[in-house]
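Asks: return a 3D structure for these sequence lines:
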Amino acid sequence: MPLLTVTDLRTWFHTRTGVYRAVDGISFSVERGETLGIVGESGSGKSVTCYSIMGLIPQPPGRIESGTAVFDGVDLLHCTPGEARAIRGKRVAMIFQDPMTSLNPYVRISEQLIEPLLIHAKISRRDALARALAMLEAVGINDATKRIHLYPHEFSGGMRQRVMIAMALITKPELLIADEPTTALDVTVQAQILELIKQMQRELGMAVIFITHDLGVVSGLCDRVQVMYAGRIVETADTRTLFYSPKHPYTRALQRSIPSMQDKGSELFTIPGMPPDLSKPLPGCSFAPRCDFAVDRCHVDVPQLAPVAAGHDQTCLRVQTGEL
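Replies: The predicted structure is shown next:
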């Protein structure tokens, strides 16, 4: 039985300018100990999906229109506030995208680190501080005894990201959601952070949902990948299959956009056009206006996820009919 099963999740934002269908009917599952990658351009619905699962969507303007997110038998979208608090931060933890805005600038790192333990583990401040020190050392922060009492602005960007990881892992969660945790970091620190997440996953046996727009990061970290576009999943497969045999034109275009895949000295490939306006109804395939392979029916018929092989689903109509 999967640790997390999300079914038909729809999260819309009701604003004065219209209803934005940020997540529009997606379903997926995560097994215990598995790493699932969610990739796509900015605005594709990756972060909103996980914010919905965590109960962090601002309501209003956001509203979860339909769906379930069953974590170990508890529907996180329809459980009581008490049930949600018992799970969120303890059994399910999240690393946020920007550590500077996620950490409270007025509170010392020590206080922010021990808060989850004081709430969920019901241990003394002395024991909580000892665990916080051990976790800071585990995530590679040198001289943790002195640094634990500093404020967030006294840490570098990479160090703040390590603090966020320590805060997420300090309660030893069963599921970790990492929302682009390496976006603002240089390549060296990025590699260290990814290796740290993998190491912690091995030690704790936790499942990981890794959100990113970087397919290169996904290749070395994830077991399975789902590609999102305009609030929907357009392709999902195990990582090796997705990289060596992508089917959906959007997935192929994302691969062509990886700089290391380009010929040296050639112009970098970019996907033409812009992502669609999610406040307007999307007729047919949402990627059709930007797709080199689109035909007339792609602009009319709404595609659905369908298998092309065992464990490999995608939504391109022409691939489903064997034309591509």
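
Asks: using the three-state scheme, assign the residue positioned nearest the centre of the chain.
Replies: A centroid search over the chain (CA atoms, centre = their mean) returns I211, at 2.6 Å, as the residue closest to the centre. Assigned state for I211: strand (three-state reduction, DSSP: H, G, I helix; E, B strand; the rest coil).

Asks: same deal with I64?
Replies: Secondary structure of I64, per three-state DSSP, is strand.

Asks: what do you get for the one 4 residues further on?
Replies: Using three-state DSSP, the secondary structure recorded for T68 is strand.

Asks: wouldn't it be in contact with T7 here?
Replies: Yes - look at T68 against T7 with CB atoms under 8 Å: they come within range, at 4.9 Å. (Each C-beta comes from the backbone N, C-alpha and C, glycine too.)

Asks: if we can go back for a sec, do you know how far the residue nearest to the centre of the chain is from Q97?
Replies: 8 Å (CB to CB, to the nearest Å).

Asks: and what of D179?
Replies: 5 Å.

Asks: could you do C316 as well?
Replies: In terms of CB to CB, C316 sits 30 Å off from Q97.

Asks: between the two, which one's more packed in?
Replies: C316 (27 against 18; other CB atoms under 10 Å).

Asks: for the spatially closest residue to that one that is not a sequence neighbour, give me its contacts.
Replies: Excluding the flanking residues, the one nearest C316 by CB to CB, 6 or more residues apart in numbering is H248, at 4.9 Å. Applying CB atoms under 8 Å, 6 or more residues apart in numbering to H248 gives the contacts V227, V234, E235, F287, Q314, T315, C316, V319.

Asks: one more: F287?
Replies: Contacts of F287 by CB under 8 Å, 6+ apart are Y229, A230, V234, H248, P249, Y250, A294.

Asks: kindly recompute the last result at 10 Å.
Replies: Contact analysis of F287 by CB atoms under 10 Å, 6 or more residues apart in numbering lists 229-230, 232, 234, 248-250, 253, 271, 273, 275-276, 293-294, 298, 303, 315-316.

Asks: weed out the non-buried ones from the residues you listed.
Replies: 229-230, 232, 234, 248-250, 253, 271, 275-276, 294, 298, 303, 315-316 (16 or more other CB atoms under 10 Å).

Asks: fine, thanks again, bye for now.
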